[in-house]
Structure formats: structure tokens, C-alpha cells
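Peer 1: coords please:
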Amino acid sequence: MLQLAASIAPVRHTFHSGSQSAALSSPAKLRQSRVGLVPRYHSTTRASSNGNPKPMPPRGKKLSTRSAVPKTAAATTIFWEESEDVTDIKPTDSGDSTDVPSESTSESTSESTSESTSESTSDSDTSNAAGSILQEIQKGGEFNRTKRNVLKINVDLMLYAARRDRYASNRCRDPVKRRALLESAEMKFRKCIAYDPTDGRAYVGLAKLIEKAGRVDESRLVYEQGSNAVGGDNAFIWQAWATLEAKLGNVDPARKLFDAATVADKAHAAAWHGWGMLERRQGNLMRARDLFVKGTRLAPPDRPNEYLYQSLAVLAAEGGNVEEARLWFRRGTQAMAFVQRTSAPLWQAWALMEAKEGNDSEARRLFAVGLKQNPKNRYIWLAWGVWEQEQGNEERARYLLSYGFKVNPRDPALVQAWARLEAQAGNLTLARRLFKKGIRVDERHQPLWQAWGMVEWKEGNVEKARELFQQGVWANPRNKNAARVFQAWGVLEEEQGNIGVARQLFKCALKVDQSNVPAWQAWALLEERQGLLRKADDLRALCLQQRTEEVYLGVVDESVAAGIEALQNTFERFAKWFGPSDARARSRQQQAGGEAVASVLAAADDRRRGVPP
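Peer 2: Residues are numbered from 1 along each chain as shown. Sure, this is the predicted structure:
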């Protein structure tokens, strides 16, 4: 049976906090400060708490740190910085699954924090203002914060509120509330653009939010507007846009956008790493290595990037150069220690490499060092626990996975690995309880549904397994993890004698992820068992080329699901998702992406040469 990896892309959260106090002379001036107006003191006295006049500080002197702002306003603002970098050596539950790396992205430029104030501008006025400003930006107009009379702190606070709503939506189980949170986040990002059209953070946040909703063309338009607004000098916008095009398969436009990001900021590590990962996926290993090395050399000594070192080490290890890999791991950990920062991805990948080489004691030592630096790092707990399970150390694995879940109660991958361990040990009641707990933590985590379905299938509960597989697909049908759910479901149907259903499920798996080798192999084996040897050979050839354009669903005959209650209304939806119209839509998106990138890059080059628009 083909089972699923229990690892997810790491996300780093960097917290920056600070406070700034300002004394206000009256409630009227407090209201002024809340709408972004700088308070001006026209008198030298103010009323104290007992009604007597109180002298105001003279002009030019620093005000008292005791602020008149109510305590309901937050004194500390937390800004989040995302990175989607992936540790490429990952623990897997079986040899059939591999981790899908993703590019690192960063949404924030230099961020400042201070005493929070609230916004009193109406939503309709703000949306109208945002629309007019974006129209002017497209015409070449220039705006700045002074003209809008908006303080930077108000933009920072609105950005924080938008990101807070976006993160809350990821954990909200109620679809109505989730939709409301996403709409609130989108409105706040648009407010930020209206307040300061030259701040790239709002464009990146809004575009990623829209992309998650499936509005790819609109997301690309936001990136285009942002790059025009900031004059093409914001590396974060270029890098985030390049990541979007890379996800859509637009390799050449993605390369150009990554190049533009490195021109805008040669020390932008996320751009070098994303570009290198793109070349690596295309098979250009030497080009990827050159980009990683260049990124490490151009990074400032006080801001090393552990993911560049980690990617170099993993690339060397995959090529069989273990000593070179150890050298890069050592350099990376030393660079991070020099700036007094933890480097959990490096320790985890290094430990897994040593474990693969058979150095068990050294692997355990490296895992322990990583946890000593970052005791709550869920990826080290997961990697170490799964590895110990593979070594046959059941009790040690149980301790690592259970304690890791205790310190990371919101991580579904840890509880999924723990549940699989209990199922293999025969503790089915505890395993089912853990699977249910994981679903409550994150119902969109498809490895949980797939692993639970596999457990029920092995126990002979075929109908229950079908139900779990179907719920796993519905959780996020276009995510690449859905391909593994489709593949496992297809193998189940083949075993039950439903050959037509199995074929359709394998096709769906490949439409979601054309690089899913287990799905190709399972489909080829099915045709081989049916005596269709030539078709099986063709599928294996297509697997090497990954040519899914020749494998579309077309009009799915619902008769293949006749008699199976769980599939009565399923295949019609599959046809809508993965049929020829979906392929044509992707082709149009790729063509539109190439045209948009070409026009924006040409405009950026003209601005650098001083050519008027």
C-alpha cells in the first residue's frame, strides 16, 4: 500500500515588537490622532484630572512617556514574516512518498512599531479612494504618505490587523466565519494601499490572499499595480510574483521576475533561494548550485540565510558528495551562531543525512542539538520520532511524537504520525481518537484523512475508508496532497473490482499533480493486470515525460460509479475540476502571465534608463 508523508513546509514567524508613546492635550486631539492627523498643540496648558490647568511641554522638547492614549489600544504591535522554505530531506511514512519543496517568500519590508491607534474612515470611502488611486498609478501618477495625511503607524496597524484576520481564517472551521475573515482581510489590505500606495507590503499580502481564493488573474494584476506604484524597486513584490508564476508552471516569466528581484536587491535571499529551487526542479542542478552560492556570498554577514546553506548541503548530499554536504552544514550553523540565531532546518537536515549514512549516534546528537536550540521546533520532533519508528524503537518514537504534539498542539502532522504509530502497534481505539483530534485541529490536512482511510481499509472497513478518502479530497481538491488521496482511493477501488472507478481516480490524481510517480505506477499496474500491456508501457513512458496534457478526463460516465453510494455525485464534480476546460483555463493563465511579466519588466527597464512613460 502506498501511504503518505507526514511532513509540511516550515513557516518561520519572526516577531518584532516595540512601543512609542505620545501625549495628547485633549480628547479632540486624541480623535485627530486616530484618523492619522498629527496633533498640534496651540496652547501651553492643558486640563489635569482635577480640572486645574497643567503646563504643556514647550515646543521642541520630548513629551512625557506617560501617554493619554487609552489602555485599550495595544502598546505592542507584532509583525509576522513568512517563509515557505522547505527542508528538503524530510521524514516520510513510507518510501512511496516524497516532500514537495516550495519557494521561500517574504511579505514584509522594513517595519516599524509603535502605540496603536484605530481607523475611523468608512469602508465605502476607502474602497473608492483605493480605486481612484490605483487608476492614477496606472496612469503614472505618484503619491506619498504626506499627501494622504496618514501616519505610517496607521498603515502598520492596519497591515497587522489584515494579517491577523488572514491567519485566523486558516484555523476557522465555520465556512461562513472563514469567508467573513477573508473578506475583512482583503478590505484591510485595500485600505493600506489607499493609505500609502508606495508600501509594497500591502500589495504582497493582498495578492497572496486573492491567489489563495483562486483568483489568479486578479492576483497577478495586484502585483503589476504594486510594481508600477513602487517604481520596480521592491524586491519583495518581484519575488512573490515570481513564486506565483513558478507555481503556475510559467518557468520563463518566473526566471525573469526572480532576476528582477535580485536586481532590485542583490542581497534578497528569498529571491536567490526561490530561483535556485526553480532551476533544481527543472533539472538544472549546476545552475541551482550557482544561484545558492551567489545568494550566500551576497547576503550581509549580519543576515545569513540558513535555507541557502541547507539547500546547498542537500544538493551535495543528493549528488553523493557527503563531505561537501557536511561542509555546507557546518558553515551554515557557524554563520547562524555568529549572529546568535537558531538554525533548526540545518540541524534537522544534517541529522537526517547522517541517519541515511548509517551514523545513528551522530544523527541523535544533531537532533538533540537542534532541539536544545529550539525546544518547540515541530519539524525536528517529527523527523526524529519517525526515524526512531523506522529503526524499530517504538517507545522512543512514541515519546518523541507525543511530547512534540504536547508542545505543538496545533500541528496536525505530529498527531498524524503518532496515530499511525499506534495503529501499527495495534492500538486502534487510541489511533482513531488521535485521528479525530487531528481533524479537529485542521480539517484541511489531507494526510490525516488519507492515513485514517488506509487504517480503516486494512481493518476491512471499506465503506468507512471510502468516506474518509472522499472527505479528504473535498478538504482541498486542488492541493497536491489530494493526488495521494486519489491514488490510495484508486488502489482501493481496483482491489474491490471497480476498474473504471480506479482509472478515473488515477486520472484525477495526475491532474492534481503530474509529478506523482505512485499514481503513474499504480495506473500502469492496473492496465498490466487487465492485459493491456501496450497501454501500461505508454503510461510508464508518460510518467518519465510527465505529459498529463494527453490524459484528461473528458465527459465522465457516471455509470462507472453505479452501485457505489459514496460516488453517486462525485465524478461529475471531478469532470468540472479536471476536464479539458480546466486545461484551457490554465493555458490562458500561463499566456496572460507571460504577457503581463513582459510588459511590466519593460516598463521597469525604461524607468531605470530614464525613459519617460
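
Peer 1: what residue ranges in this protein score low on pLDDT?
Peer 2: 1-148, 546-613 (pLDDT under 70).

Peer 1: Mind jotting down where the strands sit in it?
Peer 2: All strands of the chain, identified by DSSP state E, fall at 45-47, 53-55.

Peer 1: And D174, how far from L181?
Peer 2: From D174 across to L181, the span is 10 Å (CB to CB, to the nearest Å). Bear in mind the C-beta positions are built from the backbone N, C-alpha and C, glycine included.

Peer 1: the more surrounded of those two?
Peer 2: For D174 versus L181, neighbours defined as other CB atoms under 10 Å are more numerous around L181 (20 against 9).

Peer 1: Contacts only, for that one.
Peer 2: L181 sits next to D165, R166, A168, S169, C172 when contact means CB atoms under 8 Å, 6 or more residues apart in numbering.

Peer 1: Quick check: the gap between it and N479.
Peer 2: The value you get for L181 to N479, if CB to CB is used, is 20 Å.

Peer 1: and if you look at F258?
Peer 2: F258 is 24 Å from N479, by CB to CB.

Peer 1: Please identify which of those two sits among more neighbours.
Peer 2: The neighbour comparison of F258 against N479 (other CB under 10 Å) goes to F258, with 30 against 17.

Peer 1: Just give the nearest non-adjacent residue to that one, would you?
Peer 2: The shortest distance from F258 to any non-neighbouring residue, by CB to CB, 6 or more residues apart in numbering, is to W275 (3.8 Å).

Peer 1: Give me the buried positions along stretch 521-531.
Peer 2: Using 16 or more other CB atoms under 10 Å as the test for burial, stretch 521-531 gives Q521, A522, W523, A524, L526, E527.

Peer 1: Helices - which of those land there?
Peer 2: Taking DSSP state H, the ones among the buried residues of stretch 521-531 that sit in helices are Q521, A522, W523, A524, L526, E527.

Peer 1: got a list of what the second one touches?
Peer 2: What it means is A522. L2, Q487, G490, V491, E494, F506 are the contacts of A522 under CB under 8 Å, 6+ apart.

Peer 1: Please repeat the previous calculation with a cut-off of 7 Å.
Peer 2: By CB atoms under 7 Å, 6 or more residues apart in numbering, the contact set of A522 is L2, Q487, G490, V491, F506.

Peer 1: do the fifth one as well
Peer 2: L526 makes contacts with E494, I499, A502, R503, as judged by CB under 7 Å, 6+ apart.

Peer 1: cutoff 6 Å now
Peer 2: For L526, the contacting residues are E494, A502, by CB atoms under 6 Å, 6 or more residues apart in numbering.

Peer 1: wait, doesn't L414 sit right on Y403?
Peer 2: No. With contact defined as CB atoms under 6 Å, L414 and Y403 do not form a contacting pair (9.5 Å).

Peer 1: more crowded one of those two?
Peer 2: Neighbours per residue (other CB under 10 Å) separate L414 from Y403, with L414 holding more: 29 against 13.

Peer 1: Find the nearest non-adjacent residue to that one, please.
Peer 2: Of all residues not flanking L414 in the chain, F405 sits nearest, at 4.3 Å (CB to CB, 6+ apart).

Peer 1: neighbours around the one you found, how many?
Peer 2: Neighbours of F405 using other CB under 10 Å come to 27.

Peer 1: Same question for E324.
Peer 2: Applying other CB under 10 Å, we find 15 residues neighbouring E324.

Peer 1: any idea how far P447 is from it?
Peer 2: Distance, E324 to P447, using CB to CB: 33 Å.

Peer 1: Could you check how far R529 is from A502?
Peer 2: 10 Å.

Peer 1: G320 - how many residues pack around it?
Peer 2: 8.

Peer 1: Tell me which residues touch S402, please.
Peer 2: Contacts for S402 (CB under 6 Å, 6+ apart) come out as W418.

Peer 1: what about the helices in the stretch 251-400 of the chain?
Peer 2: Remark: helices assigned in the stretch 251-400 of the chain by DSSP state H, counting those that start in this stretch are 251-264, 269-281, 285-298, 306-318, 322-338, 344-356, 360-373, 378-390, 394-407.

Peer 1: Need those helices in a markdown table (columns: distance to N461).
Peer 2: What follows is the helices of the stretch 251-400 of the chain, written out as a markdown table (distance: least, CB to CB, whole Å):
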| stretch | distance to N461 |
| --- | --- |
| helix 251-264 | 44 |
| helix 269-281 | 38 |
| helix 285-298 | 45 |
| helix 306-318 | 39 |
| helix 322-338 | 44 |
| helix 344-356 | 34 |
| helix 360-373 | 36 |
| helix 378-390 | 24 |
| helix 394-407 | 24 |
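
Peer 1: nearest residue to R173 other than its sequence neighbours?
Peer 2: Nearest to R173 is E443, by CB to CB, 6+ apart, at 6.2 Å.

Peer 1: residues near the one you found, how many?
Peer 2: The local packing of E443 (other CB under 10 Å) involves 17 other residues.

Peer 1: for it, phi and psi?
Peer 2: phi -70, psi -10 (degrees, to the nearest 10).

Peer 1: Pull out the buried positions in stretch 501-520.
Peer 2: Across stretch 501-520, burial judged by 16+ other CB under 10 Å covers 501-514, 516-520.

Peer 1: Endpoint to endpoint, that stretch covers what distance?
Peer 2: End-to-end distance for stretch 501-520: 16 Å, by CA to CA, to the nearest Å.

Peer 1: ok, A207 touching S219?
Peer 2: Yes. Using CB under 6 Å, A207 is in contact with S219, at 4.5 Å.

Peer 1: Tell me which of these two has more neighbours.
Peer 2: Comparing A207 with S219 by other CB under 10 Å, the one with more neighbours is A207, at 27 against 21.

Peer 1: List the contacts of the residue lying closest to that one once chain neighbours are set aside.
Peer 2: Spatial nearest neighbour of A207, excluding adjacent residues (CB to CB, 6+ apart): V222 at 4.1 Å. Residues near V222 by CB under 6 Å, 6+ apart: Y203, L206, A207.

Peer 1: Now for the closest residue to the first one other than its chain neighbours, how many residues are close by?
Peer 2: Read it as Y203. Spatial nearest neighbour of Y203, chain neighbours left out: G226 (3.0 Å); criterion: CB to CB, 6+ apart. Applying other CB under 10 Å, we find 30 residues neighbouring G226.

Peer 1: so G226 touches F236, yeah?
Peer 2: No. Under the criterion of CB under 6 Å, G226 makes no contact with F236, lying 9.2 Å away.

Peer 1: Spell out which residues are contacts of both of those two.
Peer 2: Contact criterion CB under 6 Å, 6+ apart; residues shared by G226 and F236: G200.

Peer 1: quick one: the helices in the stretch 401-550 of the chain?
Peer 2: 412-424, 428-441, 446-458, 462-475, 481-495, 499-512, 517-529, 533-545.

Peer 1: Show me which residues of the last one are buried.
Peer 2: Of the residues in helix 533-545, those scored as buried under the neighbour-count criterion (16+ other CB under 10 Å) are A536, L539, R540, L542, C543.

Peer 1: The fifth one now?
Peer 2: Applying a neighbour-count criterion of 16+ other CB under 10 Å, the buried positions in helix 481-495 are 481-494.

Peer 1: And the furthest pair within those residues?
Peer 2: Distance extremes for the buried residues of helix 481-495: the farthest pair is N481 and E494 at 20.9 Å, using CB to CB.

Peer 1: okay, how far is it across stretch 453-468, tip to tip?
Peer 2: Stretch 453-468: ends 5 Å apart by CA to CA.

Peer 1: For it, buried residues please.
Peer 2: Neighbour counts over stretch 453-468 (16+ other CB under 10 Å) mark G453, M454, V455, E456, W457, K464, A465, R466, E467, L468 as buried.

Peer 1: Closest one of these to F292?
Peer 2: M454 (36.8 Å).

Peer 1: Can you tell me, leaving aside adjacent residues, what's nearest to L291?
Peer 2: Once chain neighbours are set aside, the closest to L291 by CB to CB, 6+ apart is G276, at 3.9 Å.
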